[in-house]
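*Asks:* here are the coordinates; sequence isn't available:
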């Protein structure tokens, strides 16, 4: 791992369609292959359901659908990235379905660009910034905003 005066951070990069996104690797609990979920009635379409993870009920959302990028068939490279977030002092785990994991990238935090107002299909409220990694543009996501379910439904699976 490289270090440039403490300005480097590591991110887990993953693919949704033709775009690449990344989340702070310290917020990733684990990566699992896709497995069927138990559906919960009357939830948003992107909320796929829940899985039992070593005794904990974990909500699973489809990030493609959350970002209005349409649904894609799940393949052998489709994975669920389990993230942790602080919920008023309590650690919560939530899984997000992504097309595939790319790699772990080292990012010089000084090189992160502000998110432009590009009016794209992806809401910029979930994006902390954009960074160039080699020839690729990677959008850095805000895990806390991303994993906050709409309408106060955060505790529906408990």
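*Replies:* Cool, the structure landed. All values derive from a computational prediction rather than experimental measurement.

*Asks:* Show me where the chain has its strands.
*Replies:* Applying DSSP state E to the chain gives strands spanning 8-16, 19-24, 28-33, 47-53, 56-62, 79-87, 90-98, 100-108, 127-133, 136-141.

*Asks:* Can you name every helix or strand that the first one contacts?
*Replies:* Spelled out, it's strand 8-16. Under the contact definition 3 or more Cβ pairs under 8 Å, 6 or more residues apart in numbering; DSSP states H and E, strand 8-16 sits against strand 19-24, strand 79-87, strand 90-98, strand 100-108, strand 136-141. C-beta here means a position set from N, CA and C on the backbone, and glycine is covered the same way.

*Asks:* next one: the fourth one
*Replies:* Strand 47-53 sits against strand 56-62, strand 90-98, with contacts defined as 3+ Cβ pairs under 8 Å, 6+ apart.

*Asks:* likewise the fifth one?
*Replies:* Using 3+ Cβ pairs under 8 Å, 6+ apart as the contact criterion, the elements in contact with strand 56-62 are strand 47-53, strand 90-98.

*Asks:* ok, and the helix or strand in the protein with the lowest average confidence?
*Replies:* The helix or strand of the chain with the poorest confidence is helix 143-146; it has a mean of 83 (mean pLDDT, DSSP states H and E).
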